[in-house]
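Engineer: would you be able to build a 3D model of this:
(2 chains)
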Amino acid sequence: MTGDLARILTDDLKLPADQLTDDASLDHAGFDSLAVVELSVLLTDRYGIDITDSDIKSTATLGQLDLLITSKRNGR
Amino acid sequence: MTPVSAQAATAVVAAVGSALPSCTVSNDELTARLDTTDEWIRSRTGITRRHIAGADQSTADLAIRAAAQALTSSEPEHVDALVVATTTPDRCCPATAPAVATRLGLTGIPAYDLAAGCTGFLYALATGSGLIAADTARTVLVIGADRLASLPHPDDRTTVPLFGDGAGAVLLRRGSADETGALGPMVLGSDGTGADLIRADRPGALHMDGADVFRHAVDRMTNASRQAATAAGWDLADVDRLIPHQANSRITSFVARQLGVPDDRRLSNVAEVGNTGAASIPLLLDHASSDGRLAPGHRTLLTAFGAGLTWGALTLTWPDLSRTRLPQGAPHDR
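Structural biologist: Below is the predicted model of the structure:
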């Protein structure tokens, strides 16, 4: 996982660092429905990328979420 | 030299008061009848209990208790106008405010309701401030009072835990802009395209789109707060106390982070009272000024968001309310 995502998840969303592995599901990492919205807002504010709540919820693992964010930031 | 009349046309906070119903309902009590858990409610809202008005306790009753406390602490010679911000008036018609004024012994003064959802109190401060600026009033009682717990369907596990009942009141007096307690420039806004995100066609039929409400709430309160701080000539780093509408601790802590206001400067009482609508900000002002979390000299930023959609923000430096000096005489005696 990239440092940017890890920092957002621990510093902003206050998720427990020891649960944040690439193969962890969002549920296992401690996401609830509001955390999905919080992450979507933060990604738009920080990086100007538009990732919907559904986009985030459709990723099976944090690793996939990281790839999605990276591809959006790269404009792909 | 600045004309005296121009200097005097600023609203200044002179007193605060609040009222809560005595009956409290804990998360555990809710879980006995709703498909939810204490952990679910706490983690998503920060709420542990809320005060619920009895069937015999009206919005006016709560408003009167809060106002009476503000009046007792300041003993003004006159109250020249009274505004009740509420989404839950006792009747469709007439407004709640004239009855509140009469029961406070203020029959004859202008008294009216104002509905702007959970932003209602800030809107009411703006109109109260306007009455003072226009020289229509020297002292205005601004009350936020709601029985929001009456709005959700009793079986709706997602909205019932959020709301409580209560009232808060602020007495505004005519003063000057350079005094502590003077209300700073106000930022207010609305957007009817979001009218359906929080709506109740009747009591017991509240609908709330949680994800979109969260998104709009943080965006609107963050932007309004930045604008209000800029208009007052403040840097956000100067803010000693952030007093956001107590909707939900996840929303208010997110707003604080977006603003760069340290979390220990964000005041909250949502754990004990839930979301009390228009009462939320004056309730917190009263609680925090009573227990010392809000002290004279604190540079304070108020912000709110609510159904409408509506939002607002304003700044003030918290005054020493033990030394309030109220203007003497009726507004047109001068």
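
Engineer: quick one: the strands in the stretch 1-150 of chain B?
Structural biologist: B:10-19, B:24-26, B:49-51, B:81-85, B:111-114, B:139-147 (DSSP state E, counting those that start in this stretch).

Engineer: tabulate those strands (CSV), appending mean pLDDT, mean neighbour count and distance to chain A.
Structural biologist: Bear in mind the C-beta positions are built from the backbone N, C-alpha and C, glycine included. CSV is the format used below for these (pLDDT from 0 to 100; neighbours: other Cβ atoms under 10 Å in any protein chain shown; distance: least, Cβ to the nearest Cβ, whole Å):
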stretch, mean pLDDT, mean neighbour count, distance to chain A
strand B:10-19, 97, 25, 28
strand B:24-26, 96, 15, 21
strand B:49-51, 97, 23, 19
strand B:81-85, 98, 29, 27
strand B:111-114, 98, 20, 30
strand B:139-147, 98, 33, 23
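
Engineer: B:Thr48 touches B:Ser26, doesn't it?
Structural biologist: Yes. B:Thr48 is within contact range of B:Ser26, at 6.8 Å (criterion: Cβ atoms under 8 Å).

Engineer: joint contacts of these two?
Structural biologist: Contact with both B:Thr48 and B:Ser26 is made by no residue, according to Cβ atoms under 8 Å, 6 or more residues apart in numbering or on different chains.

Engineer: leaving out the residues flanking it, which one is nearest to the residue in the stretch 51-200 of chain B that chain A sits nearest to?
Structural biologist: Residue nearest to chain A within the stretch 51-200 of chain B: B:Thr158 (9.9 Å; Cβ to the nearest Cβ). Distance criterion Cβ to Cβ, 6 or more residues apart in numbering or on different chains; nearest residue to B:Thr158, sequence neighbours excluded, is B:Gly210 at 6.9 Å.

Engineer: residues from chain B in reach of chain A?
Structural biologist: By Cβ under 8 Å from any Cβ of the partner chain, the residues of chain B that approach chain A are B:Ser43, B:Arg44, B:Gly210, B:Ala211, B:Phe214, B:Arg215, B:Val218, B:Asp219, B:Arg250, B:Phe254, B:Arg257, B:Gln258.

Engineer: filter these down to the buried ones.
Structural biologist: The neighbour-count test (16 or more other Cβ atoms under 10 Å in any protein chain shown) marks B:Arg44, B:Gly210, B:Phe214, B:Arg215, B:Val218, B:Asp219, B:Arg250, B:Phe254, B:Arg257, B:Gln258 as buried among the residues of chain B next to chain A.

Engineer: could you dump those to TSV with secondary structure?
Structural biologist: As requested, these are exported to TSV (DSSP: H, G, I helix; E, B strand; the rest coil):
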residue	secondary structure
B:Arg44	helix
B:Gly210	helix
B:Phe214	helix
B:Arg215	helix
B:Val218	helix
B:Asp219	helix
B:Arg250	helix
B:Phe254	helix
B:Arg257	helix
B:Gln258	helix
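
Engineer: farthest-apart pair in the residues of chain B next to chain A, please.
Structural biologist: B:Ser43 and B:Asp219 (22.6 Å; Cβ to Cβ).

Engineer: how is chain B carved up into domains?
Structural biologist: B:4-179, B:187-317 (automatic domain parsing).

Engineer: I'd like to know which of these lies nearest to A:Val36.
Structural biologist: Of the domains of chain B, nearest to A:Val36 by Cβ to Cβ is domain B:187-317, at 7.8 Å.

Engineer: average pLDDT across that closest one?
Structural biologist: The average pLDDT within domain B:187-317 is 96.

Engineer: B:Val13 - nearest residue in space that isn't next to it in sequence?
Structural biologist: Nearest non-adjacent residue to B:Val13 (Cβ to Cβ, 6+ apart): B:Gly181, at 4.2 Å.

Engineer: phi first, then psi, for that neighbour.
Structural biologist: Per-residue torsions, B:Gly181: phi 90, psi -10 (degrees, to the nearest 10).

Engineer: which residues in the stretch 201-334 of chain B form strands?
Structural biologist: Under DSSP E, counting those that start in this stretch, the stretch 201-334 of chain B gives strands at B:206-208, B:241-244, B:299-306, B:310-317.

Engineer: buried set for the first one?
Structural biologist: In terms of neighbour count (16+ other Cβ under 10 Å), strand B:206-208 has its buried residues at B:Leu206, B:Met208.

Engineer: now it: how far from the chain's centre is it?
Structural biologist: 21 Å (Cα atoms, centre = their mean, to the nearest Å).

Engineer: other residues contacting it?
Structural biologist: B:Leu151, B:Pro152, B:His153, B:Asp156, B:Thr158, B:Thr159, B:Asp196, B:Leu197, B:Ile198, B:Arg199, B:Ala200.

Engineer: just the buried ones from those residues, in ChimeraX syntax?
Structural biologist: ChimeraX command restricting the contacts of strand B:206-208 to the buried ones, with burial defined by 16+ other Cβ under 10 Å:
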select /B:151,152,156,158,159,197,198,199,200
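
Engineer: just the contacts of strand B:206-208 now: which is nearest B:Leu171?
Structural biologist: B:Leu151 (28.2 Å).

Engineer: from what I see, the residue nearest to B:Val13 and B:Arg299 are in contact.
Structural biologist: No. Counting by Cβ under 8 Å, B:Gly181 stays clear of B:Arg299, with 12.0 Å between them.

Engineer: please enumerate the shared neighbours of the two.
Structural biologist: Common neighbours of B:Gly181 and B:Arg299 (Cβ under 8 Å, 6+ apart) are B:Thr317.

Engineer: before we move on, the earlier item: looking at the strands of the stretch 201-334 of chain B, which is buried most?
Structural biologist: strand B:299-306 (a mean of 28; mean count of other Cβ atoms under 10 Å in any protein chain shown).

Engineer: so it versus strand B:310-317, what angle?
Structural biologist: Computed by axes from the mean of the first three to the mean of the last three Cα atoms, to 10 degrees, the angle separating strand B:299-306 from strand B:310-317 equals 170 degrees.

Engineer: tell me who's in contact with A:Leu65.
Structural biologist: Taking Cβ under 8 Å, 6+ apart, we find A:Leu65 in contact with A:Leu5, A:Leu26, A:Ile56, A:Thr59.

Engineer: what pLDDT does the second one get?
Structural biologist: Reported pLDDT at A:Leu26 in the predicted model: 91.

Engineer: and it, how many neighbours?
Structural biologist: 21 (other Cβ atoms under 10 Å in any protein chain shown).
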